[in-house]
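> give me a model of this one.
(one chain, ligands or ions: 1)
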Amino acid sequence: MISNNRLLLPALRNVLQRRNQSVVSGPPTQHVSKAEKAILGSIMIASFFVIPVWVLGHLKEYKAPKWRENITIKLFMDAVPIDERNDKRKKARRILFSWVHFKMPSCRVTFVRHGESEWNKQNLFCGWYDARLSEKGEQDAREVSAAALVKENAQFDIAFTSALCRANTSLQLILETMNSVNIPIHSSWRLNERHYGALTGFNKRQMADEYGEEQVQTWRRSYDVPPPPITSENPHYESIRTNPRFRDVPPELFPDSETLASTIERVIPFWTSEIVPLIKSGKRILIVAHGTSLRGIIKHIEGLSKEQIMKFDVPNSIPFTYDFDMETMSVIGNIRFLADEETVLRAMEKTRSIGK
Ligand SMILES: O=C(O)[C@H](O)COP(=O)(O)O
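Model prediction:
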């Protein structure tokens, strides 16, 4: 036992000494100056923070490409009167809101304004007249609307459209191109274009030459100045009144002329009672409708003022989306057009202009 200890102890001491030697550092062989220490130290600290700070700073772009933010700002800068532009608080609240919602369960709704109609092509006031799509309108439904949705990998559970054939055909062509013809489709007159009253069938340019551009733009874009009501003297009165597609319109609600304000009065109850419950249940919805009914919905979703929505134009055929928090129905982020900024702005300008 004793002899064993004699043999083991020195060996053990040796091992411990060697181990200690490997962990205890010796005196520095190279001198590191204070400046070098400071520089290396700050590089080390910075490298800890650089990735998390970059991610936080670009959080919004994880949900949307940068141009989306830009285009929304541009659209609103165009739409918002100069004295309201300084309301930075609203914007800050919105950004904060989208950060808070980053991980919330959300549901996307996709909107498309129908493609060019035969009457758009001829630059005629159309409203409730049931104009068909032009060849270009049909082509754009496939090659602009559906193509953008396919590229986005969009899938839909249900679709809504108006009672007018230009929106119905656009939707049909989009779904055919996307191989999604089996989803349920609901058509409602409540999503119709605003009724253009006595202007129906008249050329927009000729009316501007006769009554002045200001008057025509007031009829087209004012919030609540109605065009004169249509009467039986208008050659299209009968075809509108007797269109079987409008059989569900209660007689007391059948309009003779509409403004954006009165269109909103029929669209928003439909949005709230028929569409919102489906968004809340997580259904992926496609809505193909018209310039004025979509502007009404955008005003409602965005909480825009009359002045703001009057300056906002919805381009034909380019899909756009909104994401909603499924519980609170508040919008997450901004409107997102599925096309590049230049194309969208050009198309908006075309919609706005009175034409030649
Ligand atoms: O009904 C129409 O004439 C158009 O669909 C919308 O025209 P607007 O851009 O002149 O309102």
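> contacts only, for the residue of the chain found nearest the ligand.
When scored by Cβ to the nearest ligand atom, the chain has Cys126 as its residue closest to the ligand, at 3.5 Å. All C-beta spots, glycine's among them, are computed from the backbone N, C-alpha and C. Applying Cβ atoms under 8 Å, 6 or more residues apart in numbering, we find Cys126 in contact with 117, 119-120, 193, 196, 200.
> make JSON lines out of those residues and add secondary structure, pLDDT and neighbour count.
Shown next, in JSON lines, are the contacts of Cys126 (DSSP: H, G, I helix; E, B strand; the rest coil; pLDDT from 0 to 100; neighbours: other Cβ atoms under 10 Å):
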{"residue": "Ser117", "secondary structure": "strand", "pLDDT": "98", "neighbour count": "27"}
{"residue": "Trp119", "secondary structure": "helix", "pLDDT": "98", "neighbour count": "20"}
{"residue": "Asn120", "secondary structure": "helix", "pLDDT": "97", "neighbour count": "23"}
{"residue": "Glu193", "secondary structure": "coil", "pLDDT": "98", "neighbour count": "25"}
{"residue": "Tyr196", "secondary structure": "coil", "pLDDT": "98", "neighbour count": "25"}
{"residue": "Thr200", "secondary structure": "coil", "pLDDT": "98", "neighbour count": "23"}
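> will you turn the residues you listed into TSV that also has distance to the ligand?
What follows is the contacts of Cys126, written out as TSV (distance: Cβ to the nearest ligand atom, whole Å):
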residue	distance to the ligand
Ser117	7
Trp119	7
Asn120	6
Glu193	5
Tyr196	6
Thr200	8
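> sorry, back to before: need the pLDDT of the residue of the chain closest to the ligand.
The model reports Cys126 with a pLDDT of 98.
> quick one, phi/psi of it?
phi -110, psi -60 (degrees, to the nearest 10).
> in which helix or strand does Phe49 reside?
For Phe49, the host element (DSSP states H and E) is helix 34-57.
> so for that helix, mean pLDDT?
84.
> what's the answer for stretch 167-187, then?
What stretch 167-187 shows for mean pLDDT is 98.
> show the end-to-end separation of it, please.
Taking Cα to Cα, to the nearest Å, stretch 167-187 runs 9 Å from one end to the other.
> flag every buried residue along it.
167-175, 177-178, 180, 183, 187 (16 or more other Cβ atoms under 10 Å).
> cool, and stretch 129-145?
Going by neighbour count (16+ other Cβ under 10 Å), the buried part of stretch 129-145 is 129-131, 133-134, 136-138, 140-142, 144-145.
> then stretch 292-300?
Of all the residues in stretch 292-300, those buried under the rule 16+ other Cβ under 10 Å are 292-299.
> same thing with stretch 322-335?
322-325, 331-335.
> dump that stretch to CSV, restricted to CA.
What follows is stretch 322-335, C-alpha atoms only, in CSV (Å, rounded to 0.1, in the frame of the first residue of the first chain):
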residue,chain,number,x,y,z
TYR,A,322,-54.0,43.8,-48.2
ASP,A,323,-53.1,41.6,-45.2
PHE,A,324,-55.4,41.7,-42.2
ASP,A,325,-54.9,40.6,-38.6
MET,A,326,-57.6,37.9,-38.4
GLU,A,327,-58.7,38.8,-34.9
THR,A,328,-58.9,42.6,-35.0
MET,A,329,-59.3,43.0,-38.8
SER,A,330,-56.7,45.8,-38.7
VAL,A,331,-54.5,46.1,-41.7
ILE,A,332,-50.9,44.8,-41.5
GLY,A,333,-48.5,46.9,-43.5
ASN,A,334,-49.6,48.6,-46.7
ILE,A,335,-51.4,48.1,-49.9
